[in-house]
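Visitor: Below are the sequence and a predicted model for it; my questions follow.
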Amino acid sequence: MLKLYKTLSLSLLFLINFNTTVSAQSVEEEVMKPINLLFEAMEKADTSLLTNVFAKNVIMKVVSKKGVKNESVAGFITQIANKAPNKPKWIEKLYDTEIRVDGHLAHVWTGYSFYVGEKFSHCGVDSFALIKMDGVWKIVYIMDTRRINDCEE
């Protein structure tokens with residue numbers, strides 16, 4: 001009877017641990033969905049896809065040696081819209097991604113390398129804040145750094 005109890009206890013612990021791991025992975029996948037769609041929209045120059053990833057009043061900033069520069073989301077979307085179809089694609093490759101979630105708030109910190117077509121342009125770190133609205137994660141804040149040295153290509 002004791003052996004059966006131990007076996008059942010271990011099985012229950014395994015199932016709880018497995019369920020928690022699967023649940024955590026799906027939350028992280030949900031959080032990454034608008035970020036992945038953002039980069040897909042940039043690559044495809046698809047402004048309708050792009051506008052769907054942002055919450056209202058999103059904030060964009062670029063950090064450099066000179067300080068912090070505000071970016072306009074409307075300007076960013078216009079820049080994507082005006083990208084000629086025959087121009088090289090904008091491709092952003094992510095690495096070392098960290099995701100933190102607490103309820104309806106998520107933060108994503110990730111290294112990136114940016115390419116224009118196949119040509120390396122720059123790298124840095126993207127920092128995203130997201131909120132879950134009506135069951136969907138939306139980007140509310142993006143801050144990034146940009147550099148051309150010490151990059152992972």
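Guide: Great, that's in hand.

Visitor: What's the mean pLDDT across stretch 118-136?
Guide: Stretch 118-136 comes out with an average pLDDT of 96.

Visitor: Please compute how far that stretch lies from its chain's middle.
Guide: Put simply, stretch 118-136 sits 4 Å off its chain's centre (C-alpha atoms, centre = their mean, to the nearest Å).

Visitor: can you give me the end-to-end distance of stretch 36-52?
Guide: Start-to-end span of stretch 36-52 (C-alpha to C-alpha, to the nearest Å) is 12 Å.

Visitor: in that stretch, what counts as buried?
Guide: 37-39, 41-42, 45, 47, 50 (16 or more other C-beta atoms under 10 Å). Just so you know, the C-beta spots here come from the backbone N, C-alpha and C atoms, and that holds for glycine as well.

Visitor: Mind putting those into a markdown table with distance to Gly117?
Guide: Formatted as a markdown table, the buried residues of stretch 36-52 follow (distance: C-beta to C-beta, whole Å):
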| residue | distance to Gly117 |
| --- | --- |
| Leu37 | 21 |
| Leu38 | 19 |
| Phe39 | 15 |
| Ala41 | 17 |
| Met42 | 13 |
| Ala45 | 13 |
| Thr47 | 20 |
| Leu50 | 19 |
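
Visitor: what about the strands in the chain?
Guide: With DSSP state E as the criterion, the chain has strands at 54-64, 67-71, 90-102, 105-116, 119-133, 136-145.

Visitor: got a list of what the spatially most central residue of the chain touches?
Guide: The residue lying closest to the centre of the chain (C-alpha atoms, centre = their mean) is Ile35, at 3.4 Å. Counting by C-beta atoms under 8 Å, 6 or more residues apart in numbering, Ile35 touches 53, 108, 128, 130, 139.
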